[in-house]
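Visitor: The sequence isn't on hand, but the structure is:
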(Lines give C-alpha, C1' and ligand atoms only; values in the text may rest on other atoms or scores of the structure.)
Protein backbone atom coordinates (compact mmCIF):
# COMPACT_ATOMS: atom_id res chain seq x y z
CA UNK A 1 0.00 0.00 0.00
CA UNK A 2 1.31 3.51 -0.74
CA UNK A 3 1.16 4.65 2.90
CA UNK A 4 3.18 1.66 4.11
CA UNK A 5 5.72 2.06 1.31
CA UNK A 6 6.19 5.72 2.21
CA UNK A 7 6.88 4.80 5.81
CA UNK A 8 9.20 1.99 4.85
CA UNK A 9 11.29 4.37 2.77
CA UNK A 10 12.32 6.25 5.91
CA UNK A 11 13.63 3.11 7.60
CA UNK A 12 17.32 2.31 7.51
CA UNK A 13 18.01 -1.30 6.61
CA UNK A 14 18.05 -4.02 9.27
CA UNK A 15 14.45 -4.66 10.35
CA UNK A 16 13.64 -8.36 10.36
CA UNK A 17 10.17 -9.82 10.88
CA UNK A 18 10.56 -12.50 13.53
CA UNK A 19 7.08 -13.75 14.34
CA UNK A 20 3.71 -13.86 12.66
CA UNK A 21 0.44 -13.59 14.50
CA UNK A 22 -0.28 -16.68 16.53
CA UNK A 23 0.70 -18.40 19.76
CA UNK A 24 3.88 -20.40 20.08
CA UNK A 25 3.88 -23.60 22.10
CA UNK A 26 6.36 -24.25 24.89
CA UNK A 27 8.31 -26.50 22.54
CA UNK A 28 8.46 -23.73 19.93
CA UNK A 29 9.79 -21.30 22.54
CA UNK A 30 12.48 -23.78 23.60
CA UNK A 31 13.79 -23.82 20.02
CA UNK A 32 14.01 -20.03 19.67
CA UNK A 33 17.54 -18.69 19.25
CA UNK A 34 18.36 -16.44 22.19
CA UNK A 35 21.19 -14.22 23.41
CA UNK A 36 22.49 -13.24 26.81
CA UNK A 37 20.48 -10.12 27.75
CA UNK A 38 22.46 -6.94 27.19
CA UNK A 39 23.46 -4.78 30.14
CA UNK A 40 24.74 -1.25 30.54
CA UNK A 41 28.48 -0.80 30.15
CA UNK A 42 30.30 -0.11 33.41
CA UNK A 43 30.96 3.61 33.61
CA UNK A 44 34.42 5.08 34.14
CA UNK A 45 35.12 7.56 36.91
CA UNK A 46 33.50 10.92 36.26
CA UNK A 47 35.91 13.19 34.36
CA UNK A 48 33.63 16.21 33.92
CA UNK A 49 31.42 17.71 36.66
CA UNK A 50 27.77 16.70 36.18
CA UNK A 51 25.69 19.44 34.57
CA UNK A 52 23.03 21.14 36.72
CA UNK A 53 22.65 20.07 40.34
CA UNK A 54 22.84 16.75 42.21
CA UNK A 55 20.71 15.46 45.10
CA UNK A 56 22.47 13.02 47.45
CA UNK A 57 20.38 9.87 47.90
CA UNK A 58 22.61 7.62 50.00
CA UNK A 59 22.37 4.64 47.66
CA UNK A 60 22.01 3.46 44.06
CA UNK A 61 18.92 3.83 41.87
CA UNK A 62 17.88 1.19 39.32
CA UNK A 63 14.94 2.95 37.61
CA UNK A 64 13.46 6.46 37.43
CA UNK A 65 10.21 7.94 36.07
CA UNK A 66 8.44 11.28 36.41
CA UNK A 67 4.74 11.58 37.21
CA UNK A 68 3.16 14.72 35.78
CA UNK A 69 -0.08 14.34 37.78
CA UNK A 70 1.59 14.58 41.19
CA UNK A 71 4.74 16.38 40.02
CA UNK A 72 6.95 13.65 41.49
CA UNK A 73 10.28 12.07 40.62
CA UNK A 74 9.92 8.34 41.34
CA UNK A 75 13.07 6.29 41.93
CA UNK A 76 13.37 2.54 42.49
CA UNK A 77 16.21 1.42 44.73
CA UNK A 78 17.66 -2.11 44.71
CA UNK A 79 17.81 -2.14 48.51
CA UNK A 80 15.14 -2.38 51.21
CA UNK A 81 14.04 1.24 50.88
CA UNK A 82 11.89 0.48 47.83
CA UNK A 83 10.70 3.73 46.25
CA UNK A 84 12.12 7.20 46.78
CA UNK A 85 9.74 10.05 45.96
CA UNK A 86 11.02 13.56 45.31
CA UNK A 87 8.70 16.52 44.68
CA UNK A 88 8.99 17.79 41.13
CA UNK A 89 9.13 21.33 42.47
CA UNK A 90 12.89 20.82 42.52
CA UNK A 91 12.70 21.57 38.79
CA UNK A 92 12.69 25.28 39.60
CA UNK A 93 15.01 25.34 42.60
CA UNK A 94 18.58 26.68 42.53
CA UNK A 95 21.11 23.82 42.34
CA UNK A 96 22.64 24.71 45.70
CA UNK A 97 19.37 24.08 47.56
CA UNK A 98 18.65 20.60 46.20
CA UNK A 99 20.15 18.74 49.16
CA UNK A 100 17.60 20.39 51.46
CA UNK A 101 14.61 18.79 49.69
CA UNK A 102 13.07 15.99 51.82
CA UNK A 103 12.69 12.57 50.21
CA UNK A 104 9.66 10.40 50.88
CA UNK A 105 10.18 6.63 51.12
CA UNK A 106 7.70 3.88 50.23
CA UNK A 107 8.68 0.44 51.51
CA UNK A 108 8.05 -2.40 49.08
CA UNK A 109 8.26 -6.22 49.31
CA UNK A 110 11.30 -8.00 47.92
CA UNK A 111 11.79 -8.90 44.27
CA UNK A 112 11.20 -5.43 42.85
CA UNK A 113 12.40 -5.27 39.25
CA UNK A 114 11.28 -2.16 37.36
CA UNK A 115 8.82 0.75 37.22
CA UNK A 116 5.80 1.20 35.00
CA UNK A 117 5.10 4.45 33.24
CA UNK A 118 2.91 6.46 35.67
CA UNK A 119 -0.80 6.91 34.99
CA UNK A 120 -3.26 9.06 36.94
CA UNK A 121 -0.86 9.54 39.84
CA UNK A 122 -0.13 5.82 40.20
CA UNK A 123 2.97 3.79 39.41
CA UNK A 124 3.13 -0.03 39.31
CA UNK A 125 6.12 -2.02 40.51
CA UNK A 126 6.87 -5.69 39.69
CA UNK A 127 7.52 -7.47 42.99
CA UNK A 128 8.16 -11.19 42.59
CA UNK A 129 4.83 -12.92 41.97
CA UNK A 130 2.87 -9.73 42.54
CA UNK A 131 2.37 -6.20 41.26
CA UNK A 132 2.38 -3.34 43.76
CA UNK A 133 0.45 -0.22 42.77
CA UNK A 134 1.62 2.94 44.56
CA UNK A 135 -0.53 6.05 44.95
CA UNK A 136 2.12 8.73 44.60
CA UNK A 137 0.08 11.41 46.36
CA UNK A 138 -0.41 9.40 49.54
CA UNK A 139 2.22 6.65 49.37
CA UNK A 140 -0.50 4.01 49.87
CA UNK A 141 0.15 0.62 48.22
CA UNK A 142 -2.08 -2.11 46.86
CA UNK A 143 -0.71 -5.56 45.97
CA UNK A 144 -2.12 -7.88 43.30
CA UNK A 145 -0.99 -11.51 43.21
CA UNK A 146 0.10 -12.79 39.79
CA UNK A 147 0.66 -16.32 38.50
CA UNK A 148 4.22 -15.77 37.37
CA UNK A 149 7.48 -13.99 38.11
CA UNK A 150 6.67 -10.40 37.13
CA UNK A 151 9.28 -8.38 35.22
CA UNK A 152 7.28 -5.58 33.58
CA UNK A 153 3.95 -3.78 33.95
CA UNK A 154 1.97 -1.32 31.82
CA UNK A 155 -1.01 0.52 33.33
CA UNK A 156 -3.91 0.77 30.86
CA UNK A 157 -6.43 3.58 30.60
CA UNK A 158 -9.45 1.59 31.83
CA UNK A 159 -7.81 0.33 35.03
CA UNK A 160 -6.47 -2.91 33.58
CA UNK A 161 -2.79 -3.89 33.66
CA UNK A 162 -0.60 -5.67 31.15
CA UNK A 163 1.85 -7.78 33.14
CA UNK A 164 4.95 -9.37 31.62
CA UNK A 165 6.64 -12.41 33.15
CA UNK A 166 10.05 -14.07 33.07
CA UNK A 167 8.41 -17.04 31.33
CA UNK A 168 7.55 -14.93 28.28
CA UNK A 169 3.85 -14.42 28.98
CA UNK A 170 1.85 -11.18 28.99
CA UNK A 171 -1.13 -11.35 31.33
CA UNK A 172 -4.21 -9.15 31.12
CA UNK A 173 -5.21 -8.22 34.68
CA UNK A 174 -8.57 -6.55 35.30
CA UNK A 175 -9.05 -3.64 37.70
CA UNK A 176 -10.37 -6.07 40.35
CA UNK A 177 -7.18 -8.17 40.15
CA UNK A 178 -8.58 -11.09 38.16
CA UNK A 179 -6.75 -12.43 35.13
CA UNK A 180 -8.77 -12.21 31.92
CA UNK A 181 -6.27 -13.32 29.29
CA UNK A 182 -2.77 -14.61 28.58
CA UNK A 183 -0.57 -14.11 25.54
CA UNK A 184 2.29 -16.62 25.34
CA UNK A 185 5.16 -17.22 22.97
CA UNK A 186 7.94 -14.84 23.99
CA UNK A 187 11.07 -15.99 25.81
CA UNK A 188 10.92 -13.23 28.42
CA UNK A 189 9.01 -9.97 28.80
CA UNK A 190 11.42 -7.33 30.06
CA UNK A 191 9.57 -4.08 29.28
CA UNK A 192 6.07 -3.09 28.20
CA UNK A 193 4.78 0.05 26.51
CA UNK A 194 1.24 1.23 25.78
CA UNK A 195 -0.25 3.87 23.52
CA UNK A 196 -3.92 4.28 22.61
CA UNK A 197 -4.71 0.76 23.80
CA UNK A 198 -1.89 -0.87 21.82
CA UNK A 199 0.59 -2.81 23.97
CA UNK A 200 4.13 -3.68 22.86
CA UNK A 201 6.62 -5.96 24.60
CA UNK A 202 10.41 -6.01 24.64
CA UNK A 203 12.11 -9.41 24.85
CA UNK A 204 15.77 -8.90 25.73
CA UNK A 205 16.70 -12.54 25.17
CA UNK A 206 15.45 -12.32 21.57
CA UNK A 207 16.27 -8.60 21.21
CA UNK A 208 12.80 -8.15 19.74
CA UNK A 209 9.72 -5.93 20.03
CA UNK A 210 6.28 -7.50 19.62
CA UNK A 211 2.65 -6.41 19.44
CA UNK A 212 0.40 -7.94 22.12
CA UNK A 213 -3.19 -8.64 21.05
CA UNK A 214 -5.42 -9.22 24.07
CA UNK A 215 -8.57 -9.37 21.95
CA UNK A 216 -7.65 -12.86 20.72
CA UNK A 217 -4.78 -13.70 23.11
CA UNK A 218 -2.20 -13.82 20.36
CA UNK A 219 1.14 -12.29 19.52
CA UNK A 220 1.03 -9.73 16.74
CA UNK A 221 3.81 -8.48 14.51
CA UNK A 222 7.35 -8.73 15.85
CA UNK A 223 10.56 -7.07 14.76
CA UNK A 224 14.18 -7.65 15.53
CA UNK A 225 15.37 -4.76 17.74
CA UNK A 226 19.07 -4.81 16.97
CA UNK A 227 21.35 -7.30 18.73
CA UNK A 228 21.03 -6.23 22.35
CA UNK A 229 17.93 -4.16 23.11
CA UNK A 230 17.59 -3.17 26.75
CA UNK A 231 14.94 -0.49 27.37
CA UNK A 232 11.68 0.62 25.80
CA UNK A 233 9.40 3.63 26.12
CA UNK A 234 6.10 4.31 24.33
CA UNK A 235 4.96 7.91 23.98
CA UNK A 236 1.88 9.96 23.09
CA UNK A 237 3.19 10.46 19.56
CA UNK A 238 2.60 6.77 18.83
CA UNK A 239 6.27 5.87 18.90
CA UNK A 240 7.97 2.90 20.54
CA UNK A 241 11.58 3.89 21.22
CA UNK A 242 14.24 1.35 22.15
CA UNK A 243 17.90 1.50 23.12
CA UNK A 244 20.03 -1.18 21.48
CA UNK A 245 22.90 -1.24 23.93
CA UNK A 246 25.05 -3.89 22.24
CA UNK A 247 24.94 -2.30 18.78
CA UNK A 248 25.03 1.29 20.04
CA UNK A 249 21.79 2.44 18.38
CA UNK A 250 18.54 4.26 19.03
CA UNK A 251 15.51 2.65 17.38
CA UNK A 252 12.17 4.39 16.82
CA UNK A 253 9.09 2.43 15.73
CA UNK A 254 5.58 3.34 14.70
CA UNK A 255 2.74 1.38 16.30
CA UNK A 256 0.01 1.40 13.67
CA UNK A 257 1.34 -0.87 12.28
CA UNK A 258 4.48 -1.85 14.19
CA UNK A 259 7.31 -0.75 11.91
CA UNK A 260 10.89 0.42 12.32
CA UNK A 261 10.89 4.10 11.40
CA UNK A 262 14.31 5.41 12.43
CA UNK A 263 17.61 3.82 13.36
CA UNK A 264 20.49 5.97 14.53
CA UNK A 265 23.97 5.30 15.94
CA UNK A 266 24.56 6.21 19.59
CA UNK A 267 28.07 5.05 20.56
CA UNK A 268 29.36 4.07 24.02
CA UNK A 269 26.51 1.98 25.41
CA UNK A 270 23.15 3.77 25.18
CA UNK A 271 20.90 2.50 27.95
CA UNK A 272 18.28 4.60 29.74
CA UNK A 273 15.63 6.34 27.62
CA UNK A 274 12.83 8.84 28.29
CA UNK A 275 10.63 11.16 26.21
CA UNK A 276 9.59 14.76 26.78
CA UNK A 277 5.88 14.37 26.06
CA UNK A 278 5.52 18.09 25.32
CA UNK A 279 8.30 18.53 22.76
CA UNK A 280 8.90 14.94 21.67
CA UNK A 281 12.60 15.20 22.57
CA UNK A 282 14.11 11.77 23.28
CA UNK A 283 16.72 11.55 26.03
CA UNK A 284 19.24 8.70 26.08
CA UNK A 285 21.87 7.97 28.72
CA UNK A 286 25.29 6.79 27.60
CA UNK A 287 26.98 4.83 30.37
CA UNK A 288 30.31 4.36 28.57
CA UNK A 289 31.04 8.09 28.82
CA UNK A 290 28.71 9.28 31.63
CA UNK A 291 26.55 11.45 29.38
CA UNK A 292 22.92 12.11 28.52
CA UNK A 293 21.97 13.10 24.98
CA UNK A 294 18.78 14.75 23.70
CA UNK A 295 17.59 13.86 20.19
CA UNK A 296 14.97 15.52 18.01
CA UNK A 297 13.22 12.75 16.04
CA UNK A 298 10.73 14.99 14.25
CA UNK A 299 12.54 14.89 10.91
CA UNK A 300 13.66 11.98 8.75
CA UNK A 301 16.75 11.36 10.86
CA UNK A 302 17.43 11.96 14.57
CA UNK A 303 19.26 15.21 15.28
CA UNK A 304 21.37 15.67 18.41
CA UNK A 305 20.26 18.83 20.23
CA UNK A 306 21.78 18.45 23.70
CA UNK A 307 24.67 16.59 25.34
CA UNK A 308 25.54 16.89 29.04
CA UNK A 309 27.99 15.20 31.43
CA UNK A 310 26.24 13.15 34.11
CA UNK A 311 26.71 11.39 37.41
CA UNK A 312 28.51 8.07 37.22
CA UNK A 313 26.63 5.07 35.83
CA UNK A 314 23.56 6.97 34.50
CA UNK A 315 21.35 3.92 34.01
CA UNK A 316 18.01 5.75 34.16
CA UNK A 317 16.53 9.05 33.04
CA UNK A 318 13.18 10.82 33.42
CA UNK A 319 11.71 14.09 32.14
CA UNK A 320 9.38 16.69 33.63
CA UNK A 321 7.58 17.48 30.37
CA UNK A 322 6.05 20.69 31.66
CA UNK A 323 9.39 22.36 32.41
CA UNK A 324 11.69 20.23 30.27
CA UNK A 325 13.81 19.37 33.31
CA UNK A 326 15.77 16.13 32.91
CA UNK A 327 16.56 13.86 35.87
CA UNK A 328 19.36 11.28 35.71
CA UNK A 329 19.91 8.73 38.48
CA UNK A 330 23.16 6.99 39.31
CA UNK A 331 23.19 3.20 39.66
CA UNK A 332 26.37 3.44 41.77
CA UNK A 333 25.01 5.76 44.45
CA UNK A 334 26.25 9.10 43.14
CA UNK A 335 22.82 10.71 43.46
CA UNK A 336 20.05 12.20 41.35
CA UNK A 337 21.08 14.83 38.82
CA UNK A 338 18.77 17.63 37.65
CA UNK A 339 19.38 19.51 34.40
CA UNK A 340 17.26 22.54 33.52
CA UNK A 341 17.30 22.33 29.73
CA UNK A 342 17.41 25.68 27.96
CA UNK A 343 15.27 26.26 24.90
CA UNK A 344 12.61 23.78 26.05
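Guide: Arrived safely, thanks for sending. This is a predicted model, so every value here is computed, not measured. Residues are numbered from 1 along each chain as shown.
Visitor: Go through stretch 289-306 and flag the buried ones.
Guide: Neighbour-count burial for stretch 289-306, counted by 16 or more other Cβ atoms under 10 Å, picks out 289-295, 297, 302, 306. (Each C-beta comes from the backbone N, C-alpha and C, glycine too.)
Visitor: Just the residues contacting that stretch, thanks.
Guide: 10, 43-44, 46-48, 239, 241, 250, 252, 262, 264, 266, 268, 280-286, 307-314, 317, 326, 328, 339, 341 (Cβ atoms under 8 Å, 6 or more residues apart in numbering).
Visitor: Let's see that with 6 Å instead.
Guide: Contact partners of stretch 289-306, identified using Cβ atoms under 6 Å, 6 or more residues apart in numbering, comprise 10, 43, 46, 252, 264, 268, 280-285, 307-310, 312, 317, 328.
Visitor: Tell me which two of the buried residues of stretch 289-306 sit farthest apart.
Guide: 290 and 297 (23.4 Å; Cβ to Cβ).
Visitor: Quick one: the strands in the stretch 151-300 of the chain, in order.
Guide: 161-165, 170-173, 179-183, 191-195, 198-203, 208-213, 218-224, 229-234, 239-244, 249-255, 258-265, 270-275, 282-286, 291-296 (DSSP state E, counting those that start in this stretch).
Visitor: can you list the residues that contact the second one?
Guide: Right, strand 170-173. Taking Cβ under 6 Å, 6+ apart as the rule, strand 170-173 contacts 161-164, 179-183, 189, 201, 212, 214.
Visitor: which of the residues you listed has the most neighbours?
Guide: The most crowded member of these, judged by other Cβ atoms under 10 Å, is residue 164 (31 neighbours).
Visitor: so who does the residue nearest to that residue when sequence neighbours are not counted touch?
Guide: Distances taken as Cβ to Cβ, 6 or more residues apart in numbering put residue 189 closest to residue 164, at 2.7 Å, once the chain neighbours are dropped. Counting by Cβ under 6 Å, 6+ apart, residue 189 touches 151-152, 164-165, 170, 201.
Visitor: Any figure for the gap between residue 189 and residue 242?
Guide: 14 Å (Cβ to Cβ, to the nearest Å).
Visitor: cool, and residue 55?
Guide: For residue 55, the distance to residue 242 - Cβ to Cβ - is 29 Å.
Visitor: repeat for residue 248
Guide: Counting by Cβ to Cβ, the gap from residue 248 to residue 242 is 13 Å.
Visitor: who's more crowded, these two?
Guide: Using other Cβ under 10 Å as the criterion, residue 248 and residue 242 rank with residue 242 on top: 30 against 19.
Visitor: doesn't residue 225 make contact with that one?
Guide: Yes: Residue 242 is in contact with residue 225 according to Cβ atoms under 6 Å; the separation is 5.0 Å.
Visitor: Can you check which residues contact both of the two?
Guide: With Cβ under 6 Å, 6+ apart, residue 242 and residue 225 have common neighbours residue 251.
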